[in-house]
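Asker: I'd like to go over a predicted model; first the sequence, then the structure.
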Amino acid sequence: MSAVPITNDATAPQPALVAHDVRKSYPAGKGTVEILHGITMGVSFGEMVAVMGPSGSGKSTLLYCLAGLEDATSGEVTILGIPQSSLSRADRAKLRRSEVGFVFQAYNLIPTLTAYENVALPYLLRRDPIPDDLIRGTLAAVGLGERIEARPTSMSGGEQQRVALARVLAQQPRLVFADEPTGALDTRSGQVVLDELTKIAHQPDRCVVVVTHDPSVAARCDRVVFMRDGLLVDELTRPTIEQVAAALTTLTATKAGS
Ligand SMILES: Nc1ncnc2c1ncn2[C@@H]1O[C@H](COP(=O)(O)OP(=O)(O)O)[C@@H](O)[C@H]1O
Ligand SMILES: [Mg+2]
């Protein structure tokens with residue numbers, strides 16, 4: 001496993017994100033059940049990383065911990081050089097609001113608001129000025145330039161996911177996390193979402209981590225990490241679709257045999 005080395009050299013480029021021995025447990029009955037068993041990985045600026053693995057292997061839990069939506073039970077997540085354990089809960093939330101974007105599989109749109117209003121919502125909630133050009137431009141970039149006045153109830157799933165993506169991108173976060181963002185989409189919407197995520201990731205001060213089941217999505221990423229039973233068990237750099245598919249087959253075959 002070639003995680004980004006953690007270095008004390010102040011002149012070395014800092015990775016965007018470092019997870020060090022991250023564990024996550026949930027209460028279960030009278031005790032706890034550990035879901036993540038010690039994950040160490042890094043993500044560099046300008047990098048798009050896919051997380052793959054069988055259902056229940058802990059992909060979503062890992063993403064929540066990396067994004068700071070969930071606190072790790074132990075270990076450390078360092079976002080933009082700042083160990084999260086060094087921050088108060090309030091400061092962690094502040095950092096997350098300004099630097100972290102999360103695209104969920106469920107779109108989490110407000111049905112009574114238009115596409116434009118849904119994308120503008122974080123600005124409205126903060127009482128910040130609405131960057132009109134940015135919001136229109138972001139909606140246009142995801143192919144919804146003609147749909148800005150539409151409400152989610154009149155949109156396809158693919159269109160709704162693109163609104164949800166636009167809402168994240170219009171915040172211009174440096175770290176973008178996406179949990180199966182193309183899982184439920186038609187091919188065209190999936191392509192648009194993937195293109196936009198790739199564009200974001202390849203900016204020098206940004207990165208993207210995406211959970212996916214789709215080898216063709218993973219093959220568009222710079223690196224793919226594979227999870228099984230709460231651990232990272234394999235990693236590929238710029239793989240082909242066939243290499244991803246083969247790694248997945250090995251992963252599930254070993255699981256069945258173990
Ligand atoms: N809030 C929670 N409380 C208890 N168990 C959870 C919670 N969230 C997830 N789990 C369990 O953790 C395991 C991994 O879940 P998840 O991270 O959603 O996996 P994946 O995204 O790979 O399908 C599953 O067994 C799931 O039931
Ligand atoms: Mg999941």
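Answerer: Now that the structure is in, tell me what you want to look at. Ligands and ions are numbered 1, 2, ... in the order given.
Asker: Neighbours of Asp128, how many?
Answerer: 10 (other Cβ atoms under 10 Å). In short, each C-beta sits where N, CA and C put it, glycine included.
Asker: cool, and the one 3 residues further on?
Answerer: Applying other Cβ under 10 Å, we find 14 other residues in the vicinity of Pro131.
Asker: next one: Val244
Answerer: With other Cβ under 10 Å as criterion, Val244 counts 23.
Asker: State the distance from it to Phe226.
Answerer: Note on Val244: its distance to Phe226, by Cβ to Cβ, to the nearest Å, is 9 Å.
Asker: Now the common contact residues for these two.
Answerer: Met52, Leu236 (Cβ atoms under 8 Å, 6 or more residues apart in numbering).
Asker: Can you tell me the element Phe121 falls in?
Answerer: Small correction: residue 121 is Leu, not Phe. helix 115-125 (DSSP states H and E).
Asker: distance of the residue in the chain positioned nearest to ligand 2 from Glu117?
Answerer: In the chain, the residue that lies nearest ligand 2 is Ser60 (3.2 Å; Cβ to the ion). Distance from Ser60 to Glu117, counting by Cβ to Cβ: 28 Å.
Asker: rewinding a little: how far does the helix holding Leu121 sit from its chain's centre?
Answerer: 20 Å (Cα atoms, centre = their mean, to the nearest Å).
Asker: buried ones in it?
Answerer: Ala115, Tyr116, Glu117, Asn118, Val119, Ala120, Leu121, Tyr123 (16 or more other Cβ atoms under 10 Å).
Asker: and it, C-alpha only, in PDB?
Answerer: Output of helix 115-125 as PDB, limited to C-alpha atoms (Å, rounded to 0.1, in the frame of the first residue of the first chain):
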ATOM      1  CA  ALA A 115     -32.600  24.200  -9.400                       C
ATOM      2  CA  TYR A 116     -31.100  27.600  -9.100                       C
ATOM      3  CA  GLU A 117     -32.400  28.100  -5.500                       C
ATOM      4  CA  ASN A 118     -31.100  24.600  -4.500                       C
ATOM      5  CA  VAL A 119     -27.600  25.500  -5.700                       C
ATOM      6  CA  ALA A 120     -27.800  28.900  -4.100                       C
ATOM      7  CA  LEU A 121     -29.100  27.400  -0.800                       C
ATOM      8  CA  PRO A 122     -25.800  27.200   1.100                       C
ATOM      9  CA  TYR A 123     -25.200  30.900   0.300                       C
ATOM     10  CA  LEU A 124     -28.700  31.700   1.500                       C
ATOM     11  CA  LEU A 125     -28.300  29.800   4.700                       C
END
